[in-house]
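Colleague: sequence below, structure please.
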Amino acid sequence: MSNNEYGTGKSLSPEAIDKKAREPEKREIVLLKAVYKLLSKQERSSYVLDMLSTMVTYDGAQCDGACLLDDIRDFLEDL
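Modeller: Coordinates of the predicted model:
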């Protein structure tokens, strides 16, 4: 990953990068990464996958797409 902060052209100092690495990841980022992993499995497959039963790892546990959908629903309801 580069020092560029999300394509803004701003560079982060090594201290700022280290601080960001220690911060807990925001919930929306965790869920978005899990969705990305799930969709990447479909992209690599030559078969149509059942996304609700396909397993993905996040929060240190294996969850299926249905569990991920529930977590996203709960997150959005809490907003």
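Colleague: strands of the chain, residue ranges please.
Modeller: 55-58, 61-64 (DSSP state E).
Colleague: any low-confidence regions in this structure?
Modeller: 1-10, 12, 14-22 (pLDDT under 70).
Colleague: quick check: longest helix of it.
Modeller: Among the segments of the chain that qualify as a helix by DSSP state H, the longest is helix 27-44.
Colleague: what sits against L39?
Modeller: M51 (C-beta atoms under 8 Å, 6 or more residues apart in numbering). C-betas here are computed from N, CA, C, even on glycine.
Colleague: could you find the closest non-adjacent residue to the residue positioned nearest the centre of the chain?
Modeller: Taking C-alpha atoms, centre = their mean, the centroid of the chain lies closest to K33, which sits 1.4 Å from it. Nearest non-adjacent residue to K33, counting by C-beta to C-beta, 6 or more residues apart in numbering: Y58, 6.8 Å away.
Colleague: that neighbour: neighbour count?
Modeller: Close neighbours of Y58, defined as other C-beta atoms under 10 Å, add up to 17.
Colleague: with L68 instead?
Modeller: By the criterion of other C-beta under 10 Å, L68 has 22 neighbours.
Colleague: surely it touches K33?
Modeller: No - counting by C-beta atoms under 8 Å, L68 does not reach K33; the two are 10.7 Å apart.
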